[in-house]
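# Need coordinates for the following:
(chains A and B)
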Amino acid sequence: MTEPELIIGAPLSTSEEEEVAQVYEQRADHLELNTFAQNTVLTNDTEEWIRALTGTGAKLLVGPRGCGKTHLMRFAFSECQDNVEHPLAIYTNLNRYYRLEPLLRKRPDAIPMFYTWVLSNIFVALHEALGAFATQQGVIIDRDSLLELNVGDVQDLIGTLEQSRRPLNNTEDELASRLTVDRIKAFFLRSADALSRRRVVLLLDDAALTLTPEYLSHFFDIFRALKAARIAPKASVYPGTTEYGPSFHAAHEADSIFVWKAVTDGNYLNFMADIGRKRCPDAADLPEETRTLLAYAAFGVPRSFMSLVQNYVKGRKSSSPATAQSLLNRVIEDFCSEKMREYLSLREKKPQLATIISVGAMCFNKIVSDLAEANQALADGTTRQIYVGIAAEGVDRKPYVERMLRLLEEVGMIYKFPSVSHGDREYVRYVPHLAALQNQRAFTRKGAFSPKLSVEILQRPDEKHAVRRSISTLLEAETIDGLGLDLPNCLNCHTKRVEGAKYCFQCGAKLTDESSYDRVMQSLLADVPGLTDWQREKLSQASSVPQTIGEFLALQDRGTTLRTIPRIGKIRAATVIGAVEAYLEEYLS
Amino acid sequence: MTPIEETLLGTLTPSGTPITSKLDTTAWFDSTHVATERSPIDEFVDNLYGINRLYLQAESRGEYKPILGSLVYLGMVSAAESYFRCLLRRLILVDPVCNNNASSRSLTYGAAVHHEESLLPEALFEGVSMASTKNVASELKTLCGVTQMTKDGGVPSHLHLLFENFESICQIRHCGIHRFGKLGSQQALRLGIKAHSPLLEKPLKLSVAHLQDVAEALEALIRGVNSHCFADIIKRTHTAGPGGRDKVQMYTEAWQMDFAADRERFNLYYEIFAASDAPLKSEPIENVYSAFMAFVRQYDANSGLIRR
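This next block holds a predicted model:
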């Protein structure tokens, strides 16, 4: 994911960037394992979450991006490694799943290939974990004979599936046929025995597979099959995901552990303050009120908090520092635009949801402005108003409205709370992102901004009842009627397709979807966000540089190729490569 | 017994019209039909999409009934069966290895005397049902030498799920053909008796969504098998050709590594396997040929042979 500091504020020099990167590491998958203990906030909540990860039973770790799921899993891994009483932990990250998306559009055997890919990743992770645990315990284990299969071959198999996406050859097919759930489970137990560990926990990170629901249900087949008396699988998913496939009933098969800290929790500020102390020391230098407002603006997401602090600090250091007030406003405003941009970018990844996503943004903005208004009216009162209650009758059994709210929840724009009844009506309650409310000056008096008052309002108890709305008061009737999937017409006869149909009723041909992955690979290099106008112009004119992203990535030496363009040297080439990589990492995550 | 009683006893089921002549089955076929040059997969897709239009349009007119579904179902499986027959026949005519494997098979005298040469291989499978994974895998192995297929019905692991679905579809087809859709015990046993025992002697009741699932499963299988066989056989023409490292050399002709020179021979294979209709059509022959050449170069490089 592109870090917000690349976009906001004055550009930093390379050395400054490195310096900042050392202090703040926002993404846990980039953190070194040995820095985990000192970087991890262990409040009561987190201790409980970690126990859920190292304990028995299948668990789903639920939270939006950036709320610390990866961090918790990796911390649980190192805890297990350090304590012989703990189980053997195996950690793998499935965030590269999107590379297998084109298979779904082209190959009838995509699902078996996906099974092989998942089991291969687990095998490689087991191999790594076994090595790490054995070293830690000072035990000598011959991993190759214990695990039978050659780890290099399995890694190559993953590479083949992710990159060339061709059918497997005989040798690979033979290997794939040996990677079965039963065999993997046998390897788990064998490894645990070799390390004298009673149990195994399997930490499957980034398992939301949100862009390929076809794979998600099959993933949970594997998840369920891996569960055993001594084996506890744990998967991290996004909130709002409810469809885990026909054979996996989330409520029965696994406990859901919600790891997204709610801003309404009593110890919310302590939780965020701890994160500030452990993971971004600069937060201590900020005025207390600013720190508190930024902590609320982070809406329970540690990564957002670090990024907000970092941008504020950077703004203070810039050559023309703004007043503390306008700087705070700008940092929050930029953060909100970035957050909205991230949400709207889902439209490119899931074109069939484009309308639902756009309407979701309208709905969110309306909720925010209604709540802002309600709060402004309370400025001189004793309560705050951050809940909106949406009448359940307009949401339940309205699949597109439900889908719209789930998508907002998935990216962390709204936080869902248990429904409440009011009179004979039921209301689904949400709190929208607090940064958006702050940005709308919800916690101020009209015309005058005082951080002190904002903090005071934000710390007040909640209004007794939520602001009650129905979908029809949040959105225009026409907009609600227009909610639906954006499906392309039949590619063969151009007849409008019937929703849910697999074949065209007019010509009988298969209704196919274009691969979103392939589309991004075929898009123009010069269109990558983050390039300067000058770079765009040069890239689109140069005959020596490939025009599409896919071709560019296939180059052996991208730097040398870019340097064939006059006035592009090492540094500019590196920035172009960096922009392409950042774009892809965000796109594919 | 009176004549009336005699008639009554002998005519329990009165019949409306007397049959006056012997049926003329020759009139039932399209004698003007000329075997097309379309590939087996193109024919399959034509047939399947034609069947799709029947039930999808019936549904859009509000006229769909499960009985139409049962008939459509048989048609779909028949389209798949026909694909396998057609593929095997075309391969025997074109590929020396398949031709050689077929030469030891026996043929009925009648077929040998009456069939046109180009259709003769089809007579080889007249006694074989292609509505079974075991038979399909076995024929692809013994006649075409396709790797990862086995005589006893083993299939490449990446096609396993597709063949498993095919087998279920074929089992249900039995019920459709022989029992007007009611589930028999033999089929229930093969489909999984635990789940299916409550359904014994219950009739098929297929919805339009079920039929689309069946169509999709069959299309996926045929497309998967088609790609697998093409890649396997075309690679073999090199690895078992002059200079190849296979144990037995089965091809005498070598590839010239030049599209103009190789075009005719390559096209023989391409024509058998390529799908020419949108939306899921094959890449143009030039692209597929150049991918094959990339394979040849890589294969030769591994053996230390350098080609330009």
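
# interface residues of the stretch 1-150 of chain B facing chain A?
By Cβ under 8 Å from any Cβ of the partner chain, the part of the stretch 1-150 of chain B that sits against chain A consists of B:48-53, B:56-57, B:59-60, B:147-148. (C-beta placed from N, C-alpha, C; glycine too.)

# Residue ranges in the stretch 201-308 of chain B under the pLDDT threshold?
Low-confidence segments of the stretch 201-308 of chain B (pLDDT under 70): B:304-308.

# Which one of the residues in it is closest to chain A?
Closest residue of the stretch 201-308 of chain B to chain A, Cβ to the nearest Cβ: B:A220 (3.3 Å).

# Now that residue: closest residue in space that isn't a chain neighbour?
Nearest non-adjacent residue to B:A220, counting by Cβ to Cβ, 6 or more residues apart in numbering or on different chains: A:P108, 3.3 Å away.

# give the contact list for that neighbour.
B:162, B:219-221, B:223-224 (Cβ atoms under 8 Å, 6 or more residues apart in numbering or on different chains).

# any chance of those in JSON lines, with distance to A:D156, secondary structure and neighbour count too?
Conversion of the contacts of A:P108 to JSON lines gives the following (distance: Cβ to Cβ, whole Å; DSSP: H, G, I helix; E, B strand; the rest coil; neighbours: other Cβ atoms under 10 Å in any protein chain shown):
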{"residue": "B:L162", "distance to A:D156": "25", "secondary structure": "helix", "neighbour count": "24"}
{"residue": "B:E219", "distance to A:D156": "31", "secondary structure": "helix", "neighbour count": "24"}
{"residue": "B:A220", "distance to A:D156": "27", "secondary structure": "helix", "neighbour count": "21"}
{"residue": "B:L221", "distance to A:D156": "28", "secondary structure": "helix", "neighbour count": "24"}
{"residue": "B:R223", "distance to A:D156": "26", "secondary structure": "helix", "neighbour count": "21"}
{"residue": "B:G224", "distance to A:D156": "23", "secondary structure": "helix", "neighbour count": "23"}
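
# still on that earlier bit, ok, the residue of the stretch 201-308 of chain B closest to chain A touching B:E164?
No: the pair B:A220 and B:E164 does not pass the contact test of Cβ atoms under 8 Å, sitting 11.9 Å apart.

# that older thread, would you convert the contacts of A:P108 into a markdown table that also reports distance to B:Y251?
Shown next, in a markdown table, are these (distance: Cβ to Cβ, whole Å):
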| residue | distance to B:Y251 |
| --- | --- |
| B:L162 | 29 |
| B:E219 | 32 |
| B:A220 | 31 |
| B:L221 | 29 |
| B:R223 | 26 |
| B:G224 | 26 |
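
# how about the helices in the stretch 251-400 of chain A?
For the stretch 251-400 of chain A, the helices defined by DSSP state H, counting those that start in this stretch cover A:268-279, A:288-297, A:302-317, A:324-344, A:346-349, A:354-376, A:399-410.

# that older thread, could you identify the pair within the residues of the stretch 1-150 of chain B next to chain A that is furthest apart?
Maximum pairwise distance among these (Cβ to Cβ): 44.3 Å, between B:S60 and B:T147.

# Those two: which is more packed in?
Each of B:S60 and B:T147 has its neighbours counted (other Cβ atoms under 10 Å in any protein chain shown); B:T147 has more, 19 against 13.

# Report pLDDT for the more buried one.
Predicted confidence (pLDDT) for B:T147: 91.

# Let me see the contact set for it.
Contacts of B:T147 (Cβ under 8 Å, 6+ apart): A:170, B:156, B:232.

# buried residues in stretch B:102-117?
When burial is assessed from 16 or more other Cβ atoms under 10 Å in any protein chain shown, stretch B:102-117 yields the following buried residues: B:A102.

# How far off centre is that stretch?
21 Å (Cα atoms, centre = their mean, to the nearest Å).

# what sits up against it?
Residues outside stretch B:102-117 that contact it (Cβ under 8 Å, 6+ apart) are B:92, B:120-124, B:126, B:143.

# Weed out the non-buried ones from these.
Buried members of these, counted by 16+ other Cβ under 10 Å: B:92, B:120-124, B:143.

# and of those residues, the nearest to B:Y289?
B:I92 (23.2 Å).

# Model confidence for the closest residue to that closest one other than its chain neighbours, exactly?
Using Cβ to Cβ, 6+ apart and skipping residues adjacent in sequence, the residue nearest B:I92 is B:P121, 4.1 Å away. We have a pLDDT of 87 for B:P121.

# which residues touch B:E201?
Contacts of B:E201 by Cβ under 8 Å, 6+ apart are B:182-184.

# Filter these down to the ones in strands?
Using DSSP state E, no member of the contacts of B:E201 sits in strands.

# which among the residues you listed end up buried?
Buried residues within these, defined by neighbour count using 16+ other Cβ under 10 Å: B:L183.

# Mind checking which of the contacts of B:E201 land in helices?
Assignment to helices by DSSP state H places none of the contacts of B:E201 there.

# Relative to chain A, which of the contacts of B:E201 is nearest.
Once Cβ to the nearest Cβ is applied, the member of these that ends up nearest chain A is B:L183, at 21.6 Å.

# Next up, phi/psi of the closest one, please.
Phi and psi for B:L183, reported as degrees, to the nearest 10, are phi -80, psi 120.

# That one and B:L199 touch, don't they?
Yes: with contact defined as Cβ under 8 Å, B:L183 and B:L199 form a contacting pair (5.1 Å).
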